[in-house]
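> I'll drop the sequence and a predicted model, then ask my questions.
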Amino acid sequence: MTAQLIDGRACARALREELAVDVAALRRDGVGIGLATLAVGQEYGAGAYERRLRRLAGELDVPYRHRALDGATTLPEVLAEVALLNADPAVSGILVLRPLPAHLDESVVFRAIDPTKDIESVHPENAGLLALGVPRFVPSTAASVFHLLDTWLDSVGEDRTDFYHRANIVVVGRSNNVGKPAISLGYARQATVQSVDEWADRTTGIGRHTRWADVLVVAAGKAGLIRAEHVSEGAVVIDVGINARTGPDGVVHMVGDVDFASVAPRVRAITPVPGGVGPVTDVWLLRTTVTAARLAAGQPAPSLLEVP
Ligand SMILES: NC(=O)C1=CN([C@@H]2O[C@H](COP(=O)(O)OP(=O)(O)OC[C@H]3O[C@@H](n4cnc5c(N)ncnc54)[C@H](OP(=O)(O)O)[C@@H]3O)[C@@H](O)[C@H]2O)C=CC1
Ligand SMILES: Nc1nc(=O)c2c([nH]1)NC[C@@H]1CN(c3ccc(C(=O)N[C@@H](CCC(=O)O)C(=O)O)cc3)C=[N+]21
(Lines give C-alpha, C1' and ligand atoms only; values in the text may rest on other atoms or scores of the structure.)
(Ligands and ions follow the chains in the order given, each with its own letter.)
Protein backbone atom coordinates (compact mmCIF):
# COMPACT_ATOMS: atom_id res chain seq x y z
CA MET A 1 0.00 0.00 0.00
CA THR A 2 1.29 3.46 -0.85
CA ALA A 3 0.11 5.91 1.76
CA GLN A 4 -1.58 9.12 0.80
CA LEU A 5 0.21 12.13 2.19
CA ILE A 6 -2.08 14.38 4.20
CA ASP A 7 -0.77 17.81 3.25
CA GLY A 8 -0.94 20.16 6.24
CA ARG A 9 0.51 23.09 4.31
CA ALA A 10 -2.24 22.95 1.67
CA CYS A 11 -4.87 22.62 4.38
CA ALA A 12 -3.37 25.58 6.25
CA ARG A 13 -3.39 27.72 3.10
CA ALA A 14 -7.12 27.16 2.64
CA LEU A 15 -7.84 27.92 6.31
CA ARG A 16 -5.68 31.01 6.12
CA GLU A 17 -7.78 32.44 3.30
CA GLU A 18 -10.91 32.02 5.42
CA LEU A 19 -9.08 33.56 8.37
CA ALA A 20 -8.09 36.64 6.34
CA VAL A 21 -11.78 37.16 5.49
CA ASP A 22 -12.72 36.80 9.19
CA VAL A 23 -10.06 39.30 10.25
CA ALA A 24 -11.21 41.79 7.58
CA ALA A 25 -14.82 41.40 8.77
CA LEU A 26 -13.72 42.09 12.33
CA ARG A 27 -12.02 45.28 11.22
CA ARG A 28 -15.06 46.33 9.20
CA ASP A 29 -17.22 45.83 12.29
CA GLY A 30 -14.83 47.89 14.43
CA VAL A 31 -13.96 44.96 16.71
CA GLY A 32 -10.41 45.03 18.12
CA ILE A 33 -8.20 41.95 18.13
CA GLY A 34 -4.83 41.12 19.68
CA LEU A 35 -2.84 37.98 20.45
CA ALA A 36 -0.37 37.68 23.32
CA THR A 37 2.04 34.81 23.95
CA LEU A 38 4.07 34.16 27.07
CA ALA A 39 7.08 31.85 27.37
CA VAL A 40 9.22 31.07 30.39
CA GLY A 41 12.63 29.68 29.48
CA GLN A 42 13.53 28.27 26.09
CA GLU A 43 12.40 25.10 24.34
CA TYR A 44 12.88 24.13 20.70
CA GLY A 45 9.20 23.45 19.84
CA ALA A 46 7.92 26.47 21.72
CA GLY A 47 10.42 28.73 19.93
CA ALA A 48 9.43 27.31 16.53
CA TYR A 49 5.75 27.85 17.30
CA GLU A 50 6.22 31.37 18.60
CA ARG A 51 8.06 32.40 15.41
CA ARG A 52 5.25 31.01 13.27
CA LEU A 53 2.59 32.85 15.26
CA ARG A 54 4.54 36.09 15.07
CA ARG A 55 4.87 35.78 11.30
CA LEU A 56 1.23 34.85 10.71
CA ALA A 57 -0.07 37.65 12.93
CA GLY A 58 2.21 40.07 11.07
CA GLU A 59 0.94 38.90 7.68
CA LEU A 60 -2.67 39.33 8.80
CA ASP A 61 -1.96 42.63 10.51
CA VAL A 62 -3.20 41.28 13.85
CA PRO A 63 -1.49 43.02 16.79
CA TYR A 64 0.86 40.52 18.42
CA ARG A 65 3.02 40.65 21.48
CA HIS A 66 5.38 38.08 22.93
CA ARG A 67 6.74 38.15 26.45
CA ALA A 68 9.85 35.96 26.88
CA LEU A 69 10.62 35.49 30.56
CA ASP A 70 13.84 34.11 31.94
CA GLY A 71 13.76 30.42 32.90
CA ALA A 72 14.30 31.34 36.56
CA THR A 73 11.24 33.64 36.77
CA THR A 74 9.21 32.95 39.92
CA LEU A 75 5.55 31.94 40.02
CA PRO A 76 4.35 35.31 41.46
CA GLU A 77 6.21 37.10 38.65
CA VAL A 78 4.60 34.89 35.99
CA LEU A 79 1.16 35.40 37.56
CA ALA A 80 1.75 39.16 37.52
CA GLU A 81 2.44 38.98 33.76
CA VAL A 82 -0.75 36.99 33.20
CA ALA A 83 -2.70 39.57 35.24
CA LEU A 84 -1.36 42.37 33.01
CA LEU A 85 -2.53 40.53 29.89
CA ASN A 86 -5.92 39.78 31.46
CA ALA A 87 -6.41 43.47 32.21
CA ASP A 88 -5.27 44.73 28.80
CA PRO A 89 -8.27 45.48 26.55
CA ALA A 90 -6.01 45.23 23.47
CA VAL A 91 -5.41 41.53 24.18
CA SER A 92 -8.18 39.18 23.03
CA GLY A 93 -6.32 35.89 23.34
CA ILE A 94 -3.54 34.64 25.61
CA LEU A 95 -1.28 31.64 24.87
CA VAL A 96 1.09 30.39 27.57
CA LEU A 97 3.67 28.29 25.76
CA ARG A 98 4.53 24.87 27.16
CA PRO A 99 6.58 23.46 28.65
CA LEU A 100 7.02 25.71 31.67
CA PRO A 101 10.14 25.14 33.80
CA ALA A 102 9.71 22.43 36.47
CA HIS A 103 9.54 24.91 39.36
CA LEU A 104 6.32 26.43 37.97
CA ASP A 105 3.03 24.57 38.47
CA GLU A 106 1.35 25.04 35.10
CA SER A 107 -2.12 24.40 36.51
CA VAL A 108 -1.72 27.45 38.77
CA VAL A 109 -0.62 29.59 35.82
CA PHE A 110 -3.48 28.32 33.62
CA ARG A 111 -6.04 28.98 36.36
CA ALA A 112 -4.91 32.60 36.42
CA ILE A 113 -5.80 33.22 32.75
CA ASP A 114 -9.07 35.11 32.17
CA PRO A 115 -11.32 32.30 30.80
CA THR A 116 -12.69 34.63 28.10
CA LYS A 117 -9.12 35.09 26.76
CA ASP A 118 -8.06 31.47 27.24
CA ILE A 119 -7.91 30.48 23.57
CA GLU A 120 -6.22 27.11 24.28
CA SER A 121 -8.88 26.09 26.84
CA VAL A 122 -6.40 25.37 29.62
CA HIS A 123 -8.35 27.14 32.36
CA PRO A 124 -10.47 24.59 34.30
CA GLU A 125 -13.70 26.27 33.21
CA ASN A 126 -12.84 25.94 29.52
CA ALA A 127 -11.27 22.49 29.88
CA GLY A 128 -14.49 21.43 31.64
CA LEU A 129 -16.70 22.86 28.90
CA LEU A 130 -14.61 20.99 26.31
CA ALA A 131 -14.85 17.72 28.27
CA LEU A 132 -18.63 18.21 28.45
CA GLY A 133 -18.76 18.61 24.67
CA VAL A 134 -19.77 22.29 24.75
CA PRO A 135 -16.44 24.12 24.33
CA ARG A 136 -16.03 27.88 24.39
CA PHE A 137 -12.69 27.54 22.55
CA VAL A 138 -11.29 24.39 20.92
CA PRO A 139 -7.56 23.86 21.59
CA SER A 140 -5.72 24.44 18.35
CA THR A 141 -3.61 21.28 18.09
CA ALA A 142 -6.45 18.82 18.67
CA ALA A 143 -8.68 20.93 16.41
CA SER A 144 -6.00 20.77 13.70
CA VAL A 145 -5.75 16.98 13.99
CA PHE A 146 -9.48 16.61 13.35
CA HIS A 147 -9.61 19.33 10.74
CA LEU A 148 -6.94 17.43 8.78
CA LEU A 149 -8.88 14.19 9.19
CA ASP A 150 -12.20 15.77 8.20
CA THR A 151 -10.62 17.40 5.13
CA TRP A 152 -8.90 14.17 4.12
CA LEU A 153 -12.17 12.20 4.49
CA ASP A 154 -13.90 14.73 2.22
CA SER A 155 -11.09 14.43 -0.33
CA VAL A 156 -11.43 10.64 -0.58
CA GLY A 157 -15.22 10.79 -0.66
CA GLU A 158 -15.78 9.06 2.69
CA ASP A 159 -18.82 10.08 4.69
CA ARG A 160 -17.45 11.73 7.83
CA THR A 161 -20.25 10.64 10.15
CA ASP A 162 -20.19 7.04 8.98
CA PHE A 163 -16.39 6.88 9.15
CA TYR A 164 -16.17 8.21 12.71
CA HIS A 165 -19.02 6.04 13.99
CA ARG A 166 -17.12 2.97 12.82
CA ALA A 167 -13.63 4.17 13.75
CA ASN A 168 -11.35 3.11 16.57
CA ILE A 169 -9.31 6.18 17.35
CA VAL A 170 -6.20 5.56 19.46
CA VAL A 171 -4.51 8.60 20.96
CA VAL A 172 -0.92 8.14 22.19
CA GLY A 173 -0.19 10.80 24.84
CA ARG A 174 -2.76 12.32 27.17
CA SER A 175 -1.46 15.76 28.06
CA ASN A 176 -4.02 18.39 29.02
CA ASN A 177 -3.26 20.50 25.95
CA VAL A 178 -3.03 17.87 23.19
CA GLY A 179 -3.96 14.26 24.08
CA LYS A 180 -6.99 14.91 26.29
CA PRO A 181 -8.56 17.52 23.99
CA ALA A 182 -8.04 15.11 21.06
CA ILE A 183 -9.88 12.43 23.05
CA SER A 184 -12.76 14.88 23.68
CA LEU A 185 -12.99 15.71 19.97
CA GLY A 186 -13.04 11.96 19.18
CA TYR A 187 -15.96 11.55 21.61
CA ALA A 188 -17.70 14.52 20.02
CA ARG A 189 -17.57 12.61 16.71
CA GLN A 190 -19.02 9.55 18.41
CA ALA A 191 -15.98 7.44 17.62
CA THR A 192 -14.60 4.68 19.83
CA VAL A 193 -11.60 6.21 21.55
CA GLN A 194 -8.66 4.70 23.41
CA SER A 195 -5.95 6.56 25.29
CA VAL A 196 -2.41 5.23 25.59
CA ASP A 197 0.20 6.68 27.93
CA GLU A 198 3.78 5.98 28.90
CA TRP A 199 2.87 3.21 31.34
CA ALA A 200 1.59 1.03 28.52
CA ASP A 201 4.95 1.47 26.82
CA ARG A 202 6.85 0.52 29.99
CA THR A 203 4.72 -2.52 30.77
CA THR A 204 3.01 -4.39 27.94
CA GLY A 205 4.25 -2.18 25.10
CA ILE A 206 1.99 0.16 23.16
CA GLY A 207 1.69 -2.02 20.03
CA ARG A 208 -1.26 -4.09 21.22
CA HIS A 209 -3.23 -0.87 21.61
CA THR A 210 -1.97 1.06 18.61
CA ARG A 211 -2.45 -1.85 16.18
CA TRP A 212 -6.13 -1.63 17.03
CA ALA A 213 -6.35 1.87 15.55
CA ASP A 214 -8.19 2.85 12.40
CA VAL A 215 -6.97 6.34 13.23
CA LEU A 216 -3.74 6.67 15.21
CA VAL A 217 -3.05 10.10 16.71
CA VAL A 218 0.45 10.33 18.18
CA ALA A 219 1.35 13.14 20.61
CA ALA A 220 4.04 11.80 22.95
CA GLY A 221 7.04 13.95 22.09
CA LYS A 222 9.29 10.90 21.48
CA ALA A 223 11.06 10.76 18.13
CA GLY A 224 10.56 7.45 16.31
CA LEU A 225 8.18 6.03 18.97
CA ILE A 226 5.83 4.54 16.36
CA ARG A 227 7.34 2.04 13.92
CA ALA A 228 5.88 -0.32 11.33
CA GLU A 229 5.03 -3.01 13.90
CA HIS A 230 2.83 -0.56 15.82
CA VAL A 231 0.33 0.10 13.03
CA SER A 232 -2.28 -1.91 11.15
CA GLU A 233 -2.34 -2.05 7.38
CA GLY A 234 -4.68 0.66 6.16
CA ALA A 235 -4.66 2.85 9.28
CA VAL A 236 -4.69 6.64 9.09
CA VAL A 237 -1.81 8.14 11.06
CA ILE A 238 -1.66 11.70 12.39
CA ASP A 239 1.74 12.61 13.83
CA VAL A 240 1.61 15.55 16.23
CA GLY A 241 5.14 15.19 17.60
CA ILE A 242 7.69 17.97 17.13
CA ASN A 243 11.16 16.84 18.17
CA ALA A 244 14.56 18.38 17.55
CA ARG A 245 17.13 16.03 16.08
CA THR A 246 20.66 16.99 15.19
CA GLY A 247 21.69 15.45 11.88
CA PRO A 248 25.17 14.19 10.96
CA ASP A 249 25.78 17.61 9.41
CA GLY A 250 25.28 19.21 12.84
CA VAL A 251 22.09 20.93 11.67
CA VAL A 252 18.97 20.62 13.86
CA HIS A 253 16.02 19.04 12.03
CA MET A 254 12.42 18.65 13.11
CA VAL A 255 11.08 15.09 13.32
CA GLY A 256 7.77 13.67 14.50
CA ASP A 257 6.95 10.77 16.82
CA VAL A 258 6.36 8.42 13.88
CA ASP A 259 9.15 6.70 11.98
CA PHE A 260 7.75 7.85 8.66
CA ALA A 261 9.96 5.67 6.43
CA SER A 262 8.84 2.37 7.98
CA VAL A 263 5.22 3.31 8.76
CA ALA A 264 4.17 5.04 5.53
CA PRO A 265 4.32 1.89 3.33
CA ARG A 266 1.82 0.09 5.60
CA VAL A 267 -0.86 2.73 6.08
CA ARG A 268 -3.64 4.35 4.09
CA ALA A 269 -2.77 7.95 4.86
CA ILE A 270 -0.25 9.78 7.01
CA THR A 271 0.81 13.31 7.95
CA PRO A 272 4.50 14.22 7.54
CA VAL A 273 6.62 16.25 9.98
CA PRO A 274 7.28 18.99 9.06
CA GLY A 275 4.32 19.83 6.86
CA GLY A 276 1.53 18.03 8.74
CA VAL A 277 -0.29 19.15 11.88
CA GLY A 278 2.16 21.97 12.65
CA PRO A 279 1.25 24.40 9.86
CA VAL A 280 -2.47 24.13 10.67
CA THR A 281 -2.05 24.83 14.39
CA ASP A 282 -1.01 28.47 14.20
CA VAL A 283 -3.77 29.34 11.72
CA TRP A 284 -6.26 27.67 14.04
CA LEU A 285 -5.00 29.62 17.04
CA LEU A 286 -5.49 32.92 15.19
CA ARG A 287 -8.94 31.73 14.18
CA THR A 288 -9.80 31.13 17.82
CA THR A 289 -8.42 34.57 18.65
CA VAL A 290 -10.97 36.03 16.21
CA THR A 291 -13.70 34.12 18.06
CA ALA A 292 -12.45 35.48 21.41
CA ALA A 293 -12.48 39.03 19.99
CA ARG A 294 -16.08 38.62 18.79
CA LEU A 295 -17.21 37.20 22.14
CA ALA A 296 -15.46 40.02 24.02
CA ALA A 297 -17.37 42.52 21.90
CA GLY A 298 -20.63 40.82 22.91
CA GLN A 299 -21.18 39.42 19.44
CA PRO A 300 -22.16 35.88 18.50
CA ALA A 301 -19.25 33.77 17.32
CA PRO A 302 -19.44 30.63 15.21
CA SER A 303 -18.94 27.30 16.92
CA LEU A 304 -15.52 25.95 16.07
CA LEU A 305 -16.31 22.39 17.09
CA GLU A 306 -16.89 21.40 13.44
CA VAL A 307 -18.51 18.11 14.35
CA PRO A 308 -19.96 16.58 11.20
N1 LIG B 1 2.30 19.93 15.79
C2 LIG B 1 1.83 20.79 16.69
O3 LIG B 1 1.16 21.70 16.33
C4 LIG B 1 2.13 20.58 18.13
C5 LIG B 1 3.04 19.66 18.50
N6 LIG B 1 3.27 19.40 19.81
C7 LIG B 1 4.22 18.33 20.08
O8 LIG B 1 3.50 17.18 20.44
C9 LIG B 1 4.25 16.39 21.36
C10 LIG B 1 3.43 16.17 22.62
O11 LIG B 1 3.17 17.41 23.23
P12 LIG B 1 2.51 17.51 24.68
O13 LIG B 1 1.26 16.74 24.70
O14 LIG B 1 2.48 18.93 25.01
O15 LIG B 1 3.64 16.73 25.56
P16 LIG B 1 3.67 16.30 27.07
O17 LIG B 1 5.10 16.00 27.36
O18 LIG B 1 2.94 17.27 27.91
O19 LIG B 1 2.84 14.94 27.12
C20 LIG B 1 3.31 13.79 26.49
C21 LIG B 1 2.32 12.66 26.67
O22 LIG B 1 2.82 11.52 25.97
C23 LIG B 1 2.88 10.42 26.85
N24 LIG B 1 4.06 9.60 26.53
C25 LIG B 1 5.37 9.93 26.68
N26 LIG B 1 6.15 8.91 26.29
C27 LIG B 1 5.32 7.91 25.90
C28 LIG B 1 5.53 6.62 25.41
N29 LIG B 1 6.77 6.13 25.28
N30 LIG B 1 4.47 5.86 25.10
C31 LIG B 1 3.22 6.34 25.26
N32 LIG B 1 2.95 7.58 25.72
C33 LIG B 1 4.00 8.35 26.04
C34 LIG B 1 2.98 10.97 28.24
O35 LIG B 1 2.48 9.99 29.11
P36 LIG B 1 2.31 10.20 30.72
O37 LIG B 1 1.05 10.98 30.83
O38 LIG B 1 2.21 8.81 31.24
O39 LIG B 1 3.52 10.95 31.14
C40 LIG B 1 2.13 12.23 28.12
O41 LIG B 1 0.77 11.92 28.35
C42 LIG B 1 5.55 17.19 21.58
O43 LIG B 1 6.51 16.70 20.67
C44 LIG B 1 5.16 18.60 21.21
O45 LIG B 1 6.26 19.37 20.78
C46 LIG B 1 2.57 20.03 20.80
C47 LIG B 1 1.65 20.99 20.50
C48 LIG B 1 1.39 21.37 19.13
N1 LIG C 1 0.67 25.97 24.88
C2 LIG C 1 1.29 25.42 23.84
N3 LIG C 1 0.60 25.11 22.74
C4 LIG C 1 1.25 24.59 21.66
O5 LIG C 1 0.59 24.30 20.63
C6 LIG C 1 2.65 24.36 21.72
C7 LIG C 1 3.32 24.69 22.90
N8 LIG C 1 2.61 25.21 23.94
N9 LIG C 1 4.65 24.48 23.03
C10 LIG C 1 5.44 24.00 21.92
C11 LIG C 1 4.63 23.13 21.01
C12 LIG C 1 5.27 22.92 19.64
N13 LIG C 1 4.36 23.53 18.70
C14 LIG C 1 4.58 23.65 17.33
C15 LIG C 1 3.55 23.88 16.47
C16 LIG C 1 3.76 24.00 15.10
C17 LIG C 1 5.03 23.90 14.60
C18 LIG C 1 5.19 23.98 13.13
O19 LIG C 1 4.34 24.47 12.45
N20 LIG C 1 6.23 23.46 12.52
C21 LIG C 1 6.35 23.40 11.07
C22 LIG C 1 7.77 23.49 10.59
C23 LIG C 1 8.43 24.77 10.82
C24 LIG C 1 9.90 24.69 10.49
O25 LIG C 1 10.28 23.86 9.62
O26 LIG C 1 10.66 25.43 11.12
C27 LIG C 1 5.80 22.08 10.53
O28 LIG C 1 5.49 21.19 11.34
O29 LIG C 1 5.73 21.95 9.32
C30 LIG C 1 6.08 23.67 15.45
C31 LIG C 1 5.86 23.55 16.81
C32 LIG C 1 3.29 24.02 19.39
N33 LIG C 1 3.38 23.82 20.68
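Perfect, thanks for sending it. Numbering: from 1, shown residues only. Ligands and ions are numbered 1, 2, ... in the order given.

> Show me what from the stretch 101-250 of the chain comes close to ligand 2.
Residues of the stretch 101-250 of the chain lying near ligand 2 by Cβ under 6 Å from any ligand atom: E120, T141, N177, I242. Just so you know, the C-beta spots here come from the backbone N, C-alpha and C atoms, and that holds for glycine as well.

> Kindly recompute the last result at 5 Å.
Proximity of the stretch 101-250 of the chain to ligand 2, by Cβ under 5 Å from any ligand atom, involves residues T141, I242.

> which residue ranges form the strands in the stretch 101-250 of the chain?
All strands of the stretch 101-250 of the chain, identified by DSSP state E, counting those that start in this stretch, fall at 168-172, 192-196, 215-218, 236-239, 243-246.

> packing partners for the second one?
Pointing back at strand 192-196 there. Identification of packing neighbours for strand 192-196 by 3 or more Cβ pairs under 8 Å, 6 or more residues apart in numbering; DSSP states H and E yields strand 168-172, helix 179-188, helix 207-210.

> What strands line up against it, and which way round?
Partner strands and pairing direction for strand 192-196 (DSSP bridges) are strand 168-172 (parallel).

> and the angle from the strand it pairs with to helix 179-188?
With axes from the mean of the first three to the mean of the last three Cα atoms, to 10 degrees as the basis, strand 168-172 and helix 179-188 are set at 170 degrees to each other.

> need the helices for the stretch 51-200 of the chain, in chain order.
Applying DSSP state H, counting those that start in this stretch to the stretch 51-200 of the chain gives helices spanning 75-87, 106-111, 124-131, 140-155, 160-166, 179-188, 198-202.

> so which of those helices gets nearest G45?
Between G45 and the helices of the stretch 51-200 of the chain, the tightest spacing by Cβ to Cβ is seen for helix 140-155, at 11.0 Å.

> Now do the closest one: distance to the chain's middle.
11 Å (Cα atoms, centre = their mean, to the nearest Å).

> Contact partners for the residue of the stretch 151-300 of the chain found nearest ligand 2?
Proximity of the stretch 151-300 of the chain to ligand 2 (Cβ to the nearest ligand atom) peaks at G278, 2.3 Å away. Residues near G278 by Cβ atoms under 8 Å, 6 or more residues apart in numbering: G8, A48, R52, I242.

> which of the helices and strands packed on strand 192-196 is buried the deepest?
Ranked by mean neighbour count, these are led by strand 168-172 with a mean of 26 (mean count of other Cβ atoms under 10 Å).

> Now do that one, average pLDDT.
For strand 168-172, mean pLDDT rounds to 98.

> Please list all residues in contact with the residue of the stretch 1-150 of the chain found nearest ligand 2.
The nearest approach of the stretch 1-150 of the chain to ligand 2 comes at G45, 3.2 Å away (Cβ to the nearest ligand atom). Taking Cβ under 8 Å, 6+ apart, we find G45 in contact with I242, N243, A244.

> I'd like the distance from E77 to ligand 1, if you could.
23 Å (Cβ to the nearest ligand atom, to the nearest Å).

> For the contacts of G45, give me JSON lines that also has neighbour count, pLDDT and distance to ligand 1.
JSON lines is the format used below for those (neighbours: other Cβ atoms under 10 Å; pLDDT from 0 to 100; distance: Cβ to the nearest ligand atom, whole Å):
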{"residue": "I242", "neighbour count": "24", "pLDDT": "96", "distance to ligand 1": "4"}
{"residue": "N243", "neighbour count": "18", "pLDDT": "95", "distance to ligand 1": "5"}
{"residue": "A244", "neighbour count": "14", "pLDDT": "92", "distance to ligand 1": "9"}
